[in-house]
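J.: below: sequence and its predicted model.
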Amino acid sequence: MLSRMMGVCGGICFAEKMLTKYLLSKYLPSLVLPSAMLGGSVSKLFGGVVIVNVVASSFMMLYLSFIPGTARELFMEKAKKNGDEHAEDRFSLPKLYAEGFSQEAKEFNCHQRAHQQALETYTNFVVCSLVGGIRQPLFTTWAGVLYIIARIKWANGYCSGDPQNRYKASGGWGFHIWTSLLATFCCALSTGLGIAGII
C-alpha cells in the first residue's frame with residue numbers, strides 16, 4: 001500500500017510540474033513567477049504553503065488545544081456528581097491523562113488524545129510542508145487543506161468517547177491525516193531529490 005501511495009504521490013508531483021509548465025505559466029503567469037520577497041528562490045505559489053500549511057494549520061492546532069481544557073472541567077464535574085471522591089486529583093493539572101477506568105476518565109482521555117496525537121505529527125507536517133512547498137507548492141498546499149479538514153473530523157470523532165470513532169465517525173476523513181502527511185513527505189523528498197540533482 002505504501003509503495004502504491006508513493007507512486008501516486010510521484011504521479012501527482014509530475015502532474016503539478018506539467019500543470020505549472022503548460023497551464024499556469026500560460027494563463028496565470030504571475031503565480032509561477034519567482035517571489036521577490038524571498039530573493040526569487042521560490043514561486044509566488046509558495047505563499048499558499050505558508051498561508052495554509054503554517055498559518056491556517058496553526059489556528060487548527062489552537063482550536064484542538066481548547067478541546068482538553070474544556071473537557072477537563074466537564075468530566076471532573078461529571079465524576080464528582082457520580083461520587084468520585086478523587087475526581088479533583090484525577091483530572092487536575094499537571095496530569096495529562098486521567099487515571100482510572102471510569103467512563104469519565106475514558107471520555108476525557110479521548111478528548112485529550114484528540115489534541116495530543118495531533119501534536120505528535122505536527123512538526124513533521126510543517127517542516128515537510130515548508131521543504132516540499134519549495135518545489136511542489138500546489139500539491140503541498142492541497143495536502144495542507146486535506147490535513148486541516150481530516151484533523152478536525154478525526155478529533156471530533158475521537159471526542160465521541162470511543163477511540164474507534166476517530167476513523168468511523170469522521171465520514172472517511174480520519175484516514176486522510178495519514179494521506180496528507182505522506183503527501184508532504186513526498187513533496188519534501190521531491191525537493192531533496194531536486195536539490196541533489198537526481199530528478
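T.: Yep, it's here.
J.: going forward, measure contacts and count neighbours with C-alpha atoms only.
T.: Noted.
J.: what helix or strand is the spatially most central residue of the chain located in?
T.: Centroid check for the chain by C-alpha atoms, centre = their mean gives Tyr147 as the closest residue, at 4.0 Å. Using DSSP states H and E, Tyr147 falls within helix 137-158.
J.: can you name the residues in contact with the next helix-or-strand element following that helix?
T.: Proceeding N to C from helix 137-158, the next assigned helix or strand is helix 165-168, under DSSP H and E. Defining contact as C-alpha atoms under 8 Å, 6 or more residues apart in numbering, one finds that helix 165-168 is touched by 153-159, 173-175.
J.: packing partners of whatever helix or strand Gly132 lives in?
T.: Gly132 belongs to helix 103-135 when assigned by DSSP H and E. Helix 103-135 is packed against helix 57-81, helix 137-158, helix 176-195, with contacts defined by 3 or more C-alpha pairs under 8 Å, 6 or more residues apart in numbering; DSSP states H and E.
J.: winner for burial among those helices?
T.: Highest mean neighbour count among those (mean count of other C-alpha atoms under 10 Å): helix 137-158, with a mean of 24.
J.: give me the angle between that helix and helix 103-135.
T.: Taking axes from the mean of the first three to the mean of the last three C-alpha atoms, to 10 degrees, one finds that helix 137-158 is oriented at 180 degrees with respect to helix 103-135.
J.: and helix 137-158, what does it pack against?
T.: Helices and strands touching helix 137-158, by 3+ C-alpha pairs under 8 Å, 6+ apart, are helix 2-19, helix 46-48, helix 57-81, helix 103-135, helix 165-168, helix 176-195.
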